[in-house]
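> sequence and predicted model, in that order:
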Amino acid sequence: MQITPTLGLLLALSFIVSLLALTALIWAIANKQVHTPDQDDARSIFEPGEGAEIDSPARPHHFDTARSGIDKSSSGPVMWLIGMGVFWLIYGSIHGLAASLELHLPDLMSGSAHMTFGRMRTVHLNSVIYGWSSQAGLAAIFWIIPRIFHTPLRLGWLVNLGTLIWNIGVAAGVLAIANGWTDGLEWLEIPWQIDIALAIGAACFVAPLIATTRAREVHHIYVSGWYFLAAVLWFPMLFIIANIPGLHWGVEQATMNWWFAHNVLGLWLTPLGVGTAYYFIPKIIGKPIYSYAVSLVGFWALALFYSQVGIHHLIGGPIPTWLVTLSVVHSIMMFVPVIAVAINQHVTVARNLWALKASMPLRFISFGAVMYTLASFQGSIEALRSVNTITHFTQYTIGHAHLGAYAFVSLVLFGAIYQIVPRATGKYFPFPRLIAWHFWLVVVGFAVYFFSLTIGGVLQGLAMLDASKPFADSVTLLKPYLEGRSLGGGLMTLGHILLAVNLIALAFSKRTRDLETEKMVAAQ
Amino acid sequence: MNRYLPLVIVSLAILSFATLLLVIIPGMQIAKSGASPGLKPYTVAEARGRAVYVSMGCLYCHSQQPRDEAQAPDGERGWGRASVSGDYAYDTPHQLGTMRTGPDLMNIGDRLPSQGWQLTHLYQPRAIASWSIMPAYPYLFAHKAKADPGDVVVKLPPAYAPKTGVIVAKQDALDLVSYLQGMKHDYAPPTDGLRDDGYELMAAQQHNNDAAKASK
């Protein structure tokens, strides 16, 4: 089928609308038609007089979170979210490792249907996305939002209730999948009946954020707030539309599937990671981010372009040509927001490299931020038809997915946990050296994982495109790379266990110092 | 940016715009093009078998969307013609897939129609192909001392056969094989069938350029 004039027009329309919106924004900024966030706004996360020294538990920045009781209001809900998130991280890692082993040792676990690859892999994905990264990201949101709004968290009890309902939903969901009850769509496997619990849980998270936002005592919404406040509404909208039973069918269901799945990455996990990095990088270093006005372009360009990239998962498939082209074009446009974020975050770190030595959390977070840039560049290039024809349907895609969801989002969240927990509990981590071990295990493990799948995936794709080679070749050549992936995954899992050990030991340890709140109140 | 309401309204409007373009308009276009003539609805056994396919997660290694010859040699591998949207009119959940750890299955019923082959392969893929990394599904089968009347006995090479007794297929295995046997899309596709023709257009462009060069 040739592209019909109507559809070609539609395609052009979407692109032009996005481009015009972006141009209008840049024009408005250049001509001061909107209030452009400036460096004073960028400093709104600091107290006046706060200097350029590292924000460590021993020498906390005297932000007014202490006096106003902000830490106290959010500590409980945040610690529950972190605890449950790390539980699902371990649970999901073990399932991921098992699924990886099954691909090169296929008879290892074939005794029970629960443990077959198709279910193990799916339990892994749902555990780490909905159990780990969503909850750890929410923990970062509930820690950061009250701090940038200079007001205590409102409706904290509702957050705790939401955490309870959400975890019941995730647990029921992965049990259903392990037992063969699934909705059968990638990223949407949890049965819609159980999804109702997750939707209610999400509503319990949104209401306190709105209440806290309305009670804010600052004139400016800091950039992390834009990402968080938009993402917590984007996710429920995506999740509910995607899960309405009986509404989606056939190939339309496939386009809906990838509209949803890629937006969970782009409009949920990415804002969590980017927003968290935008707060902690300058906060830990003690200097505002490099070019605050650029962050406005970065945010809106992300919303405009990322929301339409999902159909690149169906390139060469049985869907209209214009739709594929639309997503390919928007995938390339993703260079705009990614470069905007890169300028702000990497330049801030690059001018303060000393801080990477002084702060382990910063090391996790800025490593993750760099991985965001790389994952996005890779994703844009992967969407080109000429590249996609090789990498689509291969392990290369799995490597890319882990570069984004793991090396970027998870690493940023690890850093956030190490930064938040001592402040929320008033305790130091009992085994500080394990933090460095955690970092190197996951970085080295991930490098092994990523390069195995990337090289193996390209070879697999080239073999499948070569008609003179039997399909079997694409399977046999992959074996050493699949073993490499298990090795890398094993190291990453080990790193996660060290995090859990440190958290559990911390839970049972005595307080080693006063809470910031108490110290500040006593000082007054 | 200092105000909450405008932030939220514009953010949600952008996502609604994306939903319109990625879900609603394609949905209308696909619905209008309808089912391919020649496509039959699933039989009861096939539908049950499809549910087993979904529940075991076959999707995560097998695609169901042969590509066009301008893009990939799927046709030469015997995976069938490039599929169009109408070929999936009875599918929910869709199982288009994103991985080819194993081969495409859109036309597996055409390629490997034998029930015996499929049952042996499901019981132990390595009994047929030593290089295979597909999971074995022994729990879809029962080990019996002696086959009862009506039982379908699975043929196995000695290395994989039990020492005593026989392996027979449970209902789930028989249904799954019915589904796989029914996977035949050998009818002619509708001429206006929807699919991504990007690679064909690129190939045609290339062809024209080459022709123009040759004529110079």
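Ah, there it is.
> residue of chain B nearest chain A, please.
Closest to chain A within chain B is residue B:57: 1.9 Å, counting by Cβ to the nearest Cβ. All C-beta spots, glycine's among them, are computed from the backbone N, C-alpha and C.
> that residue - nearest residue in space that isn't next to it in sequence?
With Cβ to Cβ, 6 or more residues apart in numbering or on different chains as the criterion, residue B:57 has its nearest non-adjacent residue at 1.9 Å, and that residue is residue A:118.
> phi first, then psi, for the residue of chain B closest to chain A.
Here is the backbone geometry of residue B:57 (degrees, to the nearest 10): phi 70, psi 40.
> same check on residue B:166?
phi -130, psi 160.
> would you confirm that it contacts residue B:146?
Yes - contact criterion Cβ atoms under 8 Å: residue B:166 and residue B:146 qualify, at 7.0 Å.
> which one of the two has more residues nearby?
residue B:166 (18 against 10; other Cβ atoms under 10 Å in any protein chain shown).
> run through the residues that contact that one.
B:143, B:144, B:145, B:146, B:147, B:151, B:153, B:154 (Cβ atoms under 8 Å, 6 or more residues apart in numbering or on different chains).
> quick one: the helices in the stretch 251-400 of chain A?
The residue ranges that make up the helices of the stretch 251-400 of chain A, judged by DSSP state H, counting those that start in this stretch, are A:270-285, A:292-301, A:321-333, A:335-350, A:354-358, A:360-382, A:385-391, A:395-402.
> what's the most buried one of those?
Sort those by mean neighbour count, taking mean count of other Cβ atoms under 10 Å in any protein chain shown, and helix A:270-285 sits at the top with a mean of 28.
> anything in that one near chain B?
No - Helix A:270-285 lies out of reach of chain B by Cβ under 8 Å from any Cβ of the partner chain, never closer than 10.0 Å.
> so what does that helix touch, helix or strand wise?
With contacts defined as 3 or more Cβ pairs under 8 Å, 6 or more residues apart in numbering or on different chains; DSSP states H and E, helix A:270-285 has these neighbours: helix A:134-149, helix A:223-243, helix A:335-350, helix A:360-382, helix A:411-425.
> what's the angle from the longest one to helix A:270-285?
Here helix A:360-382 points in a direction 140 degrees away from that of helix A:270-285 (axes from the mean of the first three to the mean of the last three Cα atoms, to 10 degrees).
> from the chain's centre, how far out does helix A:360-382 sit?
Relative to its chain's centre, helix A:360-382 lies at 11 Å (Cα atoms, centre = their mean, to the nearest Å).
> likewise the second one?
What separates the centre of helix A:223-243 from the centre of its chain is 13 Å, taken as Cα atoms, centre = their mean.
> which residues of chain B fall in strands?
In chain B, the segments counted as strands under DSSP state E are B:141-144, B:166-169.
> where's whichever residue of chain A sits closest to chain B, which helix or strand?
The nearest approach of chain A to chain B comes at residue A:118, 1.9 Å away (Cβ to the nearest Cβ). Taking DSSP states H and E as the criterion, residue A:118 maps to helix A:117-126.
> list of residues touching that helix?
A:92-93, A:95-96, A:98-99, A:102-103, A:106, A:109, A:113, A:170, A:173-174, A:177-178, A:180, A:182, A:187, A:189-190, B:56-61, B:135.
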